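Undergrad: what would the 3D arrangement of this be:
(one chain, ligands or ions: 2)
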Amino acid sequence: MAKKKKIRFKESIGLDIGSHSVKLVHLKKLHEGFKLLNYEIRSTVPEGYEYTPSDLSPDRFAPVLSGMLRSLKINPKKIKHIVSSVGGDNTSLKQIKTIFLPEDELESALFFEAKKHLPISGSEMLLDYQVLSVEEKTNNMNILMAATTKALLNEHSDILTAAGVTPGIVDVESLAVANSFALNTFVEEGVFIILNIGALKTNMVIYGPEAKFFARDIAWGGYHFTKDIMKQRKLSFENAEKFKFEHGLKEEEETESTKKRMSLNITEKTTEEQIAMEVKRSLRFYVKEAGTSDFRKILLFGGSAKIIGLPEYLSKQLNIESEVYNPFVDLEMPEKFKDRKDPQLALALGLAMRPE
Ligand SMILES: Nc1ncnc2c1ncn2[C@@H]1O[C@H](COP(=O)(O)OP(=O)(O)OP(=O)(O)O)[C@@H](O)[C@H]1O
Ligand SMILES: [Mg+2]
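TA: Ligands and ions are numbered 1, 2, ... in the order given. Okay, the predicted model is just below:
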């Protein structure tokens with residue numbers, strides 16, 4: 001986890017390049033803390049196109065990013081601290097325990113451990129780790145291990161370079177999610193569940209200052225909510241997306257015919273049910289592994305955290321208080337952004353606040 005180290009940079013940029021939208025946060029470092037200079041969320045889906053991930057070209061990211069930099073009047077060459085992240089299938093983040101090992105042995109032990117989680121050849125793997133603690137009694141080491149592939153990192157660097165940005169620090173997404181919370185919110189104890197609900201996936205992170213770290217991706221997100229609405233209400237993608245923004249999970253007064261239509265696929269689980277089920281499964285596993293169930297809150301990050309009724313639904317299903325996370329709590333906000341809050345920016349903000 002990023003510690004609150006002394007920070008040397010004057011300005012920073014956090015870049016969260018998601019499959020649906022690019023999120024950029026531009027900060028100024030103050031004597032104490034940060035000031036928000038600017039931000040933007042821009043969809044990478046061309047106007048009039050349906051967001052069908054497999055149909056969209058990876059070439060779409062760089063022009064969106066360079067367009068954002070232009071409209072925000074940012075010259076990326078002038079900013080020394082630009083932090084971004086990579087996520088998805090070819091990344092893995094695990095807290096593991098090993099017997100005490102010297103550094104050279106540790107690296108090869110972790111390498112084998114990481115290979116269990118990433119089905120790739122060894123020469124393709126990039127490994128990073130942090131020793132979280134060494135247990136006094138047993139001398140065992142608790143290690144946070146992050147792994148990704150060279151191909152994924154290259155693809156990411158190519159996007160940045162094509163947009164005129166020199167790649168800087170690149171974090172694994174779920175670690176960045178945890179950092180965003182840890183750098184913004186002071187908590188002394190307890191365990192927090194963070195769900196970064198994007199378009200295609202949800203990063204689930206379990207974090208507490210004294211707790212075992214856990215991260216996994218759940219293969220459900222905003223795209224699947226829209227697909228549910230398309231099916232249930234026989235709407236086009238565009239109209240279903242609009243319906244989702246306006247009504248979310250709120251049940252409307254149903255007419256008889258829509259009731260019938262909705263009951264047709266009663267065996268199929270909805271996206272919110274799938275997410276709740278996966279979270280429940282992970283929590284059961286976590287309680288066994290970590291020996292604690294001191295869950296304080298579920299915090300929702302990401303664009304799909306804004307789905308009306310979702311926090312209430314999760315609170316009820318999981319019996320843990322859930323709320324939409326407001327990332328702009330510990331930050332100086334200029335007048336034009338006063339009272340602005342947007343969970344979709346949580347990750348980009350955490351990236352921008354990350355120490356060097
Ligand atoms: N106000 C809103 N209400 C409901 N859904 C919203 C709202 N704003 C954005 N979304 C949804 O949020 C999703 C985009 O969120 P986000 O930017 O976090 O995803 P992403 O990072 O691009 O995706 P991923 O992390 O899965 O690659 C889309 O599915 C979009 O429909
Ligand atoms: Mg995302």
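
Undergrad: tell me which element Phe206 falls in.
TA: Not Phe; residue 206 is Ile. strand 202-207 (DSSP states H and E).

Undergrad: helices or strands up against that strand?
TA: On a contact count with 3 or more Cβ pairs under 8 Å, 6 or more residues apart in numbering; DSSP states H and E, strand 202-207 meets helix 173-184, strand 191-197, strand 214-218, helix 271-290. (Each C-beta comes from the backbone N, C-alpha and C, glycine too.)

Undergrad: how about the strands in the stretch 101-250 of the chain?
TA: With strands called from DSSP state E, counting those that start in this stretch, the stretch 101-250 of the chain shows them at 125-134, 141-149, 169-172, 191-197, 202-207, 214-218.

Undergrad: so which of the ones you listed is nearest Glu323?
TA: Counting by Cβ to Cβ, Glu323 lies closest to strand 191-197 out of those; the figure is 11.0 Å.

Undergrad: backbone dihedrals for Ser43, both of them.
TA: phi -70, psi 140 (degrees, to the nearest 10).

Undergrad: coming back round to it: and the strand holding Ile206, which strands flank it?
TA: When pairing is defined by DSSP bridges, strand 202-207 lines up against strand 191-197 (antiparallel), strand 214-218 (antiparallel).

Undergrad: go through these and name the closest to ligand 2.
TA: Nearest to ligand 2 among these is strand 191-197; the distance by Cβ to the ion comes to 6.2 Å.

Undergrad: so what touches the closest one?
TA: Residues outside strand 191-197 that contact it (Cβ atoms under 8 Å, 6 or more residues apart in numbering): 173-174, 177-178, 181, 202-208, 211, 218, 221-222, 275, 279, 283, 292-305, 307, 310, 314, 320, 325, 346-347.

Undergrad: cool, stretch 302-309 as well?
TA: Applying Cβ under 8 Å, 6+ apart, the contact partners of stretch 302-309 are 18, 20-21, 41, 195-199, 202, 221-222, 225, 244, 247-250, 310-311, 324-325, 342-344, 346-347.

Undergrad: that stretch and ligand 2 in contact?
TA: No. Using Cβ under 5 Å from the ion, stretch 302-309 never reaches ligand 2; the gap is at least 5.8 Å.

Undergrad: next, the buried residues of that stretch.
TA: Neighbour-count burial for stretch 302-309 flags 302-307 (criterion: 16 or more other Cβ atoms under 10 Å).

Undergrad: cool, and stretch 27-43?
TA: The neighbour-count check on stretch 27-43 (16+ other Cβ under 10 Å) flags 27, 29, 34, 36-41, 43 as buried.

Undergrad: which of these sits closest to ligand 1?
TA: Nearest to ligand 1, judged by Cβ to the nearest ligand atom, of these is Ile41 at 6.7 Å.

Undergrad: residues of this protein that sit close to ligand 1?
TA: Contact residues (Cβ under 6 Å from any ligand atom) of the chain with ligand 1: 18-21, 198-201, 221-223, 241, 244-245, 302-304, 306-307, 344.

Undergrad: quick one: average pLDDT of stretch 65-73?
TA: Stretch 65-73 comes out with an average pLDDT of 98.

Undergrad: typo on my end, it should be stretch 164-184
TA: Stretch 164-184 shows a mean pLDDT of 94.

Undergrad: cool, and stretch 135-145?
TA: Stretch 135-145 shows an average pLDDT of 93 in the prediction.

Undergrad: end-to-end on it?
TA: Stretch 135-145 has its terminal residues 17 Å apart, counting by Cα to Cα, to the nearest Å.

Undergrad: mind listing what's buried along it?
TA: Neighbour counts using 16+ other Cβ under 10 Å place 141-145 of stretch 135-145 among the buried residues.

Undergrad: got these as TSV, with distance to Met230 columns?
TA: Shown next, in TSV, are the buried residues of stretch 135-145 (distance: Cβ to Cβ, whole Å):
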residue	distance to Met230
Met141	49
Asn142	45
Ile143	44
Leu144	40
Met145	40
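
Undergrad: got a list of contacts for stretch 124-138?
TA: By Cβ under 8 Å, 6+ apart, the residues outside stretch 124-138 that reach it are 1, 95, 100, 106-107, 110-111, 114-115, 118, 140-151, 153, 172, 213.

Undergrad: ok, of those, which come out buried?
TA: The neighbour count (16+ other Cβ under 10 Å) marks 95, 106, 110, 114-115, 118, 141-149, 153, 172, 213 as buried among these.

Undergrad: how near is Leu195 to Ala290?
TA: Distance, Leu195 to Ala290, using Cβ to Cβ, to the nearest Å: 18 Å.

Undergrad: so these two - more neighbours on which side?
TA: Neighbours around Leu195 and Ala290, counted as other Cβ atoms under 10 Å, are more numerous at Leu195. The numbers are 25 against 17.

Undergrad: quick one on the thing from earlier: ok, the buried residues of stretch 135-145 vs Thr52, which is closest?
TA: Among the buried residues of stretch 135-145, Met145 lies closest to Thr52 (Cβ to Cβ), at 34.2 Å.

Undergrad: the closest residue to that closest one other than its chain neighbours and Val170, how far apart?
TA: Once flanking residues are discounted, Met145 sits nearest to Tyr129: 4.6 Å by Cβ to Cβ, 6 or more residues apart in numbering. As judged by Cβ to Cβ, Tyr129 and Val170 stand 15 Å apart.

Undergrad: Arg42 bridge partners, please.
TA: Counting by DSSP bridges, Arg42 forms beta bridges with Val22.
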